[in-house]
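1. following is a predicted model, sequence given first.
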There are 2 protein chains.
Amino acid sequence: MLMQQIELNVDGMTCHGCSGRLQRVLEATAGVSTAQVVLDTQHVTVDYDDTRIDPSVIYHAITDAGFSVISA
Amino acid sequence: MLMQQIELNVDGMTCHGCSGRLQRVLEATAGVSTAQVVLDTQHVTVDYDDTRIDPSVIYHAITDAGFSVISA
């Protein structure tokens, strides 16, 4: 296991339901240990095991949940 | 193509951002033609081609987006 952290900005969150849901989706993704999602700043921080997944998996989890990654 | 319609109740939508996002996720699912998502009633109606997908695909799209199906 080699933990890495990625920080992203995510568009499309309009309430705490949105941000809480995105956090749950990310933390349910295999290889992700923790996700922090801040509604006001649209900032997402994800700790993941880079022997199990690469960042593209995280991007896909976000877009599959209906949000957009606006910057990394 | 054989169009079918399924009606579901979905838990977890708390704003129009949520319901609009779920509609986009469903309509981006291969085999789905249209999805109607009503925030106030939590009611979701999906028209799909049952030669391409079965209802389990629709359930998974909803849960992958972080929502729960509470009744069919």
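-> Received it, and whenever you're ready, just let me know what you need.
2. need the contact list for A:E7.
-> Shown in contact with A:E7 (Cβ atoms under 8 Å, 6 or more residues apart in numbering or on different chains): A:H43, A:V44, A:T45, A:V46, A:A72. The C-beta positions use only the backbone N, C-alpha and C, and glycine is treated the same way.
3. out of those residues, which one has the lowest pLDDT?
-> Ranked by pLDDT, those bottom out at A:A72 (75).
4. tally of neighbours for the nearest residue to A:C15 once chain neighbours are set aside?
-> The shortest distance from A:C15 to any non-neighbouring residue, by Cβ to Cβ, 6 or more residues apart in numbering or on different chains, is to B:C15 (4.0 Å). Residues within reach of B:C15, counting by other Cβ atoms under 10 Å in any protein chain shown, total 15.
5. again with the one 3 residues further on
-> When counting by other Cβ under 10 Å, one arrives at 24 neighbours for B:C18.
6. which helix or strand contains it?
-> helix B:16-27 (DSSP states H and E).
7. that helix: how far from the chain's middle?
-> Helix B:16-27 sits 8 Å away from the centroid of its parent chain (Cα atoms, centre = their mean, to the nearest Å).
8. noted, bye for now.
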